[in-house]
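Visitor: generate coordinates for the sequence data below:
(chains A and B)
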Amino acid sequence: MSEALDPGSWQYRGLNARAPSLSVLADTLNELAAEGRPVVAVTADLQYSNGLIGFARKYPERLFQFGISEQNMVSAAAGLATTGHMPFAATFASFLALLCCEQIRTDVAYSALPVRLIGHHAGISLGFYGTSHHATEDLAIMRSIADLTVVSPADGAQFAAAIRASMTWPEPIYFRIARGHDPVVYDRPALFEFGKAVTHHEGADLTIIACGSMVHPSLDAVRALRAGGRDVGFIDMHTIKPLDRDAVIAAARRSRCLMTVEEHNVLGGLGGAVAEVLGDIGGAPRLVRHGIMDEYSLIAPPTHLYAHYRLDAKGIESYAIETMSNRGPS
Amino acid sequence: MSSSPSLANGLSEAETRRLKELSLFVRTETVRLISIAKVGHYSSVFSCAEIFAVLYGGVMRLMRAEPKWPGRDRFLMGKGHAAVGLFPLLAEWDFFPKEWLDSYTRLGSPLGDHPDMRKVPGVDFSSGSIGHALSAGVGMALGGRLNGQDFDVYVLLGDGEMQEGQVWAAAMSAAHHRLSHLVAIVDRNRYQLDGTVEDVIDIEPLADKWRSFGWDVHDVDGHDVEALTLLLRRLKSEQVREKPACIIAHTMKGKGVGFMEAEPGWHLGFLAPSDEEKVLAEIRARGGLQ
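Guide: Model prediction:
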């Protein structure tokens, strides 16, 4: 399918092309259902967008359509969970986090029901659809809800592993998923443990900590920096909450500075979470938070936006070099 | 009212009396518990005291001391602020120790102004933010059907709650999914915080609205325990209808206490100890009904 992807627009040619790293949602649910797990799914008129149609075709009785009523869908998912099912509730991250925030807080998290919320097309990945469809606040919102686990997988393999791991995770979970067109980071079945970061490299000059869609370009940047003689470490912080504090503290002890990279407002998300840990331990190295600088993103094809916000590999690399300089990034 | 033993078209005198007494118990316990909290929603409970009594005393399928029994009928409250009237009934079913009631709202008590399923055995769903409960009930009915279970899901809604958009999204989805085990009961007491529902945001024609959303709609006197019981039992036995059912229960805010009936401002209040005695005496004298 990848040959049909237009690199400039990030659009697939043809109708309803399956986004490779989002299609694992339906594929994994199909596997789990076949294994006898009590998984069900709810959708709000986006089963083609999030690929749940693949689950609906195999298990039509387990997919509940709610139409364009996201809040109703989330509350109903909570009700479904009281009857012994594990509901996966998917819609655009912007709608899930902002429109359904109260239903998630009160009906799902406060009620401690094992609902798995899938906020897909997160960050600025919807490109020219604009601010209403961009989600650069969802991590901050979800992270502030008690008893809610917040996960931002790097790619399809990690997402699939996280869905599997969620079968025995008692708390409700918010999964932040990109558009599904993101390149592969983990080319073999990924190991996944909630709250346990994946440290790819250790480095004395700088440690980059990224999550979700920013893992792949950050790793490219890290490889280039290391090839250029910089001692740069890298952590894939897939779980934003509960945050792997030990991994952050170890990086803080090891590196002269830290840099977080997220497709999110630099306030309250991954960068905010890491800053809180550094504040707790005191005497920590400088932290630079890279992401969307508390502004509304522009309209453009997504790949153009990543370049504009320096959230592609080249931009992350140059940002890291500036971070390591005395002046910091400009 | 029939004086014959329980028949299809009537309740026995004894059963009718028992349900009336239970509604009286809901009211007197509400006064007692609010005297501990020193503020509460008297009149919101008084309008639905018979609904509580009929559901928990004559209609719902429950198992004593087994609040998690999977086959039980479910009850959800959109108007969660009337939970003080529900808690004494849950204690009567031995879902939690009756002594819990004595420390209602005190520091660390599981019992607060709104029902909390994490803290209170027998509460099937938490509420407090108006407008979510019918959606949660839709989910429960879908889940029950998928499990092959036949429990019914009762959702008590306030009439002011009809102003929340999520209620209508839930109503639309319930009819679409043909949830015949879902019963919404609207406590049509005609008042909300800012005044009459009619003056705040008019919800009429209410029955037509529900009907047009694909529901089987019934009007009933919400203080007539016999009519309520017979209707709810009929709906329980009529699962062939393939539609969710909506009962518009016509009620009076503050029912049972003269000055609260005349002054719906008692939505939230606190009785002085001397007034409390008068109120209890009036409730007992009127039998909770007129």
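
Visitor: make it CA atoms for all contacts and neighbour counts henceforth
Guide: OK.

Visitor: which parts of chain B are helices?
Guide: B:13-37, B:42-47, B:49-54, B:83-92, B:133-147, B:165-176, B:197-200, B:206-212, B:225-237, B:258-262, B:273-286 (DSSP state H).

Visitor: how about the stretch 101-250 of chain A?
Guide: Remark: helices assigned in the stretch 101-250 of chain A by DSSP state H, counting those that start in this stretch are A:101-102, A:138-143, A:156-165, A:215-227, A:245-254.

Visitor: dump the helices of chain B into CSV; add mean neighbour count, distance to chain A and mean pLDDT as well.
Guide: What follows is these, written out as CSV (neighbours: other C-alpha atoms under 10 Å in any protein chain shown; distance: least, C-alpha to the nearest C-alpha, whole Å; pLDDT from 0 to 100):
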stretch, mean neighbour count, distance to chain A, mean pLDDT
helix B:13-37, 21, 23, 96
helix B:42-47, 29, 22, 95
helix B:49-54, 27, 21, 98
helix B:83-92, 23, 17, 98
helix B:133-147, 27, 4, 98
helix B:165-176, 22, 6, 98
helix B:197-200, 15, 24, 96
helix B:206-212, 15, 17, 98
helix B:225-237, 19, 20, 96
helix B:258-262, 15, 32, 88
helix B:273-286, 14, 34, 91
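
Visitor: OK, contacts around A:Leu117?
Guide: A:88-90, A:96, A:172-175 (C-alpha atoms under 8 Å, 6 or more residues apart in numbering or on different chains).

Visitor: please apply the same query to A:Ala26.
Guide: A:Ala26 touches A:51-55, counting by C-alpha under 8 Å, 6+ apart.

Visitor: now do 10 Å
Guide: The contact partners of A:Ala26, by C-alpha atoms under 10 Å, 6 or more residues apart in numbering or on different chains, come to A:32, A:41, A:47, A:50-58, A:160.

Visitor: closest to B:Phe151 out of the helices of the stretch 101-250 of chain A?
Guide: B:Phe151 lies closest, by C-alpha to C-alpha, to one member of those: helix A:101-102, at 28.0 Å.

Visitor: so what secondary structure elements neighbour that closest one?
Guide: Judged by 3 or more C-alpha pairs under 10 Å, 6 or more residues apart in numbering or on different chains; DSSP states H and E, helix A:101-102 is in contact with helix A:70-81, helix A:138-143.

Visitor: what's the most buried one of the helices of the stretch 101-250 of chain A?
Guide: Mean neighbours per residue, mean count of other C-alpha atoms under 10 Å in any protein chain shown, is largest over the helices of the stretch 101-250 of chain A for helix A:138-143, with a mean of 24.

Visitor: so which elements touch that helix?
Guide: Using 3+ C-alpha pairs under 10 Å, 6+ apart, helix A:138-143 is in contact with helix A:93-94, helix A:101-102, strand A:149-151, strand A:173-176, strand A:239-241, strand A:257-265, helix A:270-281.

Visitor: not counting that helix itself, show me its contacts.
Guide: So helix A:138-143 is contacted by A:93-98, A:101, A:104-105, A:119, A:122-123, A:148-152, A:173-176, A:240-243, A:262-273 (C-alpha under 10 Å, 6+ apart).
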